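Enquirer: show me how the following folds:
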Amino acid sequence: MTKIICVVNDEVMEGSGLKKEHGVSFWIEMQHANVLFDTGQSPEVLSHNLQVLGLLPINIDALVFSHAHYDHSGGVAAIFPERTTIPLYANSDLFRARYSSKDDVYKSIGMTMKESDLSHYFYLKLSDDPVEVKPGLWTTGTILERPERMGISKHHMVHTQAGWEHDPYQDDLSLVLKTSAGNVLICGCSHAGILNTLYHTEKVFGGPIIGVIGGTHLISADDQYLDHIVDVFQDRYPDCNFYLNHCTGKNAIDRLMEKLGDRIHMINAGNTVEFPE
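Expert: Next comes the predicted model:
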């Protein structure tokens, strides 16, 4: 069995002793390897939660960043110097400077470490294409086709030669776990759009998709778009279960639960989902 353990999230299992913060991190425990997907926002929370869960950084065989935002990459210092010289997989656009703009004040929200510093600790494996992290576990690569709504924030900006522009989220990727029953999509924030990510996964890896885990950035979606999401989930992914957290948003989770019942689950820090190899 492959275990996917939520290490960091905005909410935690009651009575678990875990700390919560705005961010996400998953420990993917495979038969012959352990992969950490994102590191939450702070080294303090990641380190504490790993310790409480009995997960040792020394046992991490690879690290993957879903995208550059600090709430997914800020906790990275918690795993070194205990675990270094392992590969770090991410999109090639990872180190572009990213900002949040409010009242004409631009605050950096991207990587908290420079590329030169991270390369001191990890073998950087930056690619736009799908990459096999470990046998049966792949990155999606860049989600190029985006016919559906993306998971955006109007405050997220990048600076180009033309001036300030909205972040295109080219760095956003997810993981695809290939199991004997079908594919499992593991998401960080789904800034590329959860439906776009699902379509891309089908196109590149085939189907069926039996599970979606993580953040889907539906926090600002209105009820009309959520109903569209429900229709697609029902019609195109009837055998898929969804384990949602982080930036999905309470309103979205409540509405999806109302429409799709026990196919929708909350996955907080401390929760584990298992799939056959």
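Enquirer: tell me which element residue 148 falls in.
Expert: In the assignment (DSSP states H and E), residue 148 maps to no helix and no strand.
Enquirer: all numbers from here: first residue = 84
Expert: Fine by me, first position is 84 from now on; the one you just mentioned is residue 231.
Enquirer: residues near it, how many?
Expert: Using other Cβ atoms under 10 Å, the number of residues around residue 231 comes to 17. Bear in mind the C-beta positions are built from the backbone N, C-alpha and C, glycine included.
Enquirer: what's the answer for the one 5 residues further on, then?
Expert: One way to gauge burial is a neighbour count; for residue 236, by other Cβ under 10 Å, it gives 18.
Enquirer: surely it touches residue 252?
Expert: No: the criterion here is Cβ atoms under 8 Å, and residue 236 misses it with residue 252 at 9.8 Å.
Enquirer: just give me the neighbour total for the nearest residue to residue 329 once chain neighbours are set aside.
Expert: In space, and not counting its chain neighbours, residue 329 is closest to residue 298: 3.5 Å by Cβ to Cβ, 6 or more residues apart in numbering. Residue 298: 28 surrounding residues under other Cβ under 10 Å.
Enquirer: return the set of residues that bridge with residue 298.
Expert: For residue 298, the beta-bridge partners under DSSP bridges are residue 328.
Enquirer: what about it, distance to residue 120?
Expert: 11 Å (Cβ to Cβ, to the nearest Å).
Enquirer: which neighbours do the two share?
Expert: Any residue near both residue 298 and residue 120 by Cβ atoms under 8 Å, 6 or more residues apart in numbering counts here, and that gives residue 271.
Enquirer: which parts of the stretch 184-333 of the chain are helices?
Expert: 198-204, 277-288, 306-319, 333-343 (DSSP state H, counting those that start in this stretch).
Enquirer: now those as a markdown table including mean neighbour count and distance to residue 100?
Expert: Output for the helices of the stretch 184-333 of the chain, formatted as a markdown table (neighbours: other Cβ atoms under 10 Å; distance: least, Cβ to Cβ, whole Å):
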| stretch | mean neighbour count | distance to residue 100 |
| --- | --- | --- |
| helix 198-204 | 14 | 28 |
| helix 277-288 | 21 | 31 |
| helix 306-319 | 14 | 34 |
| helix 333-343 | 16 | 23 |
